[in-house]
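Q: following is a predicted model, sequence given first.
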2 protein chains.
Amino acid sequence: MTQVHPPARLLMGPGPVDADPRVLRAMAAPLVGQFDPFMTGTMTETMALWRTVWDTTNEQTFLVDGTSRAGIEAALVSLLEPGDRVLVPVFGRFGHLLAEIGARAGAEVHTIETEWGTVFDPGQVEDAVRRVRPRVVAVVHGDTSTTMAQPLADLGRIAHEHDALLYVDATATLGGNPFPTDTWGVDAATAGLQKCLGGPSGSAPVTLSPAAVAAIGRRTQIEAGLRTAHDVPPAGAPIRSNYLDLAQIMEYWGPRRLNHHTEATSMLYAARECARLLADEGVDAAVARHARHGAAMLAGVRGLGLEVFGDPAHTMHNVVAVRIPAGVDGDAVRGTLLDDFGIEIGTSFGPLHGVVWRIGTMGYNARRDAVLTTLAALEHVLRRAGHPAPAGGGTDAALASYAEAP
Amino acid sequence: MTQVHPPARLLMGPGPVDADPRVLRAMAAPLVGQFDPFMTGTMTETMALWRTVWDTTNEQTFLVDGTSRAGIEAALVSLLEPGDRVLVPVFGRFGHLLAEIGARAGAEVHTIETEWGTVFDPGQVEDAVRRVRPRVVAVVHGDTSTTMAQPLADLGRIAHEHDALLYVDATATLGGNPFPTDTWGVDAATAGLQKCLGGPSGSAPVTLSPAAVAAIGRRTQIEAGLRTAHDVPPAGAPIRSNYLDLAQIMEYWGPRRLNHHTEATSMLYAARECARLLADEGVDAAVARHARHGAAMLAGVRGLGLEVFGDPAHTMHNVVAVRIPAGVDGDAVRGTLLDDFGIEIGTSFGPLHGVVWRIGTMGYNARRDAVLTTLAALEHVLRRAGHPAPAGGGTDAALASYAEAP
């Protein structure tokens, strides 16, 4: 077999999207030893850079070596003891994932659900918190399955007033939508690189408030042969995972550098570069960029005569759900876009399968040329599919949106 | 902060070692979508390449997205139901890790232990299997903490005769020592890229025998919202992890391509390239290369007047434990090697801490120039530390070893 040689693609789905070439180059840097001063220095730098991305002063801001899903499970399995109640407000596919992971961790899972395309009013969450009295409220910020972003500004307060911690899965939103961890009172949040951060999947940034750190610190440590993790004997049930045990991972990233896994150094380099690029651009500027290009894409698909799904007051900046017009074969359109133009847009899950395409504008691909190219190609393919897309309707509308953008 | 710029290093410890530049370049290839035909084709190619590395016909040969430790935990949490008995023969640090992970998975863990520097006679394992009657025998192949490689040829038979499955952690040996999965009757084995395979940490190759697949298939699936994983209702206890649930991961790598995590595409490229390079070289040739350079390093350190630790009949090819001479500060020698020569050799854990250095010759660094450079530098540093290393004693002995090698 030959060396890997991927076809040229423009990835305009709900993620993963094309990685920034600077991130790919960072991954090609040579390795160093696990406890080399350069390695530990790079880990410390990476923690600082991700504090900027998370907009937090949380000391415990680090990476889990796995995809965004590893970060979710690390947070839930480390925070939830068997039998603990967790409340999961579900407004899309990934809410179900949080519930499933909570159940696997042995927690007593309570869900509230709202129709796809809507989000929860804070009062609904507060009512459920009063009823369930959970130890953790676990919620997705932006659920790409519906393109909705759950407002979080009140949820930290609500959780804390009822002695619960707030965990947020920010995989799909971080870097492209506001996420002020401390201001919102988020106790634990996890993400990935492959959405708005411009990197490949495979590293899960995590940030933990002091309250979350304290909760995790109470869990009993299972001693691994030769290591001792804590000076003070804790009392809670042991964490059910070694690999995703945030207590041990914190000790590995902390000043004691207690050995845990062998750090995935190339992914560390990638995560550092993603955060460095975002910090250089400025988090607010990156969020504004996602808002600008997301608005242009939204205007563009409407300019093509297409309708969008979901509550427009609560859509994420970085992905839009576009209704497949009557009489058009959605998968055939996606196939032609990929085969003839090398452009990928997304299909959908569950109740939206066959109903909408999902088009992303995020990370490295939150760019004017990517938006206009996608709209021009989509116009061409829609006309071939028999849909009367107005000539230039998408790109003109997008250009008008850019002209009006701040 | 600037882009990542690691110092030049020659990593001659017990791993991670320098990645092959061809693997680092493979990681810089562009991303494609999660279900792009190129992506699924690359996954299928990667499975075939790793079957060559594992010397197996196991259909279920794939990757877990995490470090080698993620692979270990995936195997154990998927094979062991809460309350199941697992027997772990412990002959070094990583045996303790297997026991700990088994305990976290809720298993009833039984260990047998042998002195560091020795391995088990098959009869000792068989006696313990008769006594414990475990569902799984879980053992490390090569434990870098002691440099010993446990003979495995009889363990599959022993396990199977007593209705147990054999799991092996081959992280430190695969690609550099013989590992005929099928011939040895190994039911589940996991590894990493960062030892003899020439890649970075962050992807865990896994292979599962049909019996292991059947055992995992019996576990009850927790349905994740919108996905259905199995057509036949299973009966065992649910797997406690979602991220490391091998039943779901198999469905993701299998023809149904059921969505699970977002594949860590850059690490997939790395894992594919590691296996491709090994398959091109030939697995037997790669093992012979590790044997040749390991023997030269062993001869070289003896030529410097140093003694080695452990049973010479059962050492791994790719790492040697060298006794720190009396009066020499082991950490100071390591520091000088790193500072003045950019060469890293390893410290040790537990009973061997301060007693031995661990010097590796593996993966991309199982090379003549790497062996000779390390020995020349070590001679220099030993003399500066007051140890009477004979001039040219290391390199001459290594060259003589090479001259005698087949």
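A: Nice, thanks for sending it over.
Q: got the residues of the stretch 51-200 of chain A near chain B?
A: Residues of the stretch 51-200 of chain A lying close to chain B by Cβ under 8 Å from any Cβ of the partner chain are A:65-70, A:72-73, A:77, A:93, A:95-97, A:99-101, A:103-106, A:192, A:194, A:200. All C-beta atoms are positioned from the backbone trio N, CA, C, and that covers glycine.
Q: make it 10 Å
A: A:64-74, A:76-77, A:82, A:90, A:92-106, A:145, A:171, A:192-195, A:199-200 (Cβ under 10 Å from any Cβ of the partner chain).
Q: which of those fall in helices?
A: Under the assignment DSSP state H, those contribute A:68-74, A:76-77, A:93-104 to helices.
Q: just to revisit the earlier point, make a PyMOL selection of whichever of the residues of the stretch 51-200 of chain A next to chain B turn out to be buried.
A: Typed into PyMOL, the next command selects the buried ones out of those (criterion: 16 or more other Cβ atoms under 10 Å in any protein chain shown):
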select buried, chain A and resi 64+65+66+67+68+69+70+71+72+73+74+76+77+90+92+93+94+95+96+97+98+99+100+101+102+103+104+105+106+145+171+192+193+194+195+199+200
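Q: A:Thr190 and chain B, how far apart?
A: For A:Thr190, the distance to chain B under the criterion Cβ to the nearest Cβ, to the nearest Å works out to 12 Å.
Q: so what's A:Met39 closest to, chain neighbours aside?
A: By the measure of Cβ to Cβ, 6 or more residues apart in numbering or on different chains, the closest residue to A:Met39 outside its immediate chain neighbours is A:Val32, 4.9 Å from it.
Q: assign a three-state SS to that neighbour, would you?
A: Counting by DSSP: H, G, I helix; E, B strand; the rest coil, the backbone at A:Val32 sits in coil.
Q: wait, is A:Val139 part of a strand?
A: Yes - remark: A:Val139 belongs to a strand, assigned using three-state DSSP.
Q: bridged to the closest residue to it other than its chain neighbours, which residues?
A: Ranked by Cβ to Cβ, 6+ apart and with sequence neighbours excluded, the top spatial neighbour of A:Val139 is A:Pro89, at 5.2 Å. Following DSSP bridges, A:Pro89 is listed with bridge partners A:Ile112.
Q: per-residue pLDDT of A:Pro89, please?
A: Taken from the predicted model, the pLDDT recorded for A:Pro89 is 98.
Q: buried residues in stretch A:301-321?
A: For stretch A:301-321, the buried set under the neighbour-count rule, 16+ other Cβ under 10 Å, comprises A:301-304, A:306, A:308-310, A:314-321.
Q: still on that earlier bit, I figured the residue nearest to A:Val139 hits A:Glu113, correct?
A: Yes - under the contact definition of Cβ atoms under 10 Å, A:Pro89 touches A:Glu113, with a separation of 7.9 Å.
Q: which residues do the two both contact?
A: Both A:Pro89 and A:Glu113 are contacted by A:Gly95, A:Ala99, A:Phe120, under the criterion Cβ atoms under 10 Å, 6 or more residues apart in numbering or on different chains.
Q: quick check, nearest of these to A:Gln248?
A: Closest to A:Gln248 out of the shared contacts of A:Pro89 and A:Glu113 is A:Ala99 (25.7 Å), distances taken as Cβ to Cβ.
Q: that closest one and A:Val109 touch, don't they?
A: Yes - in this structure, A:Ala99 sits in contact with A:Val109. The criterion is Cβ under 10 Å, and the distance is 5.0 Å.
Q: what about stretch A:175-190, average pLDDT?
A: Rounded to a whole number, the mean pLDDT of stretch A:175-190 is 98.
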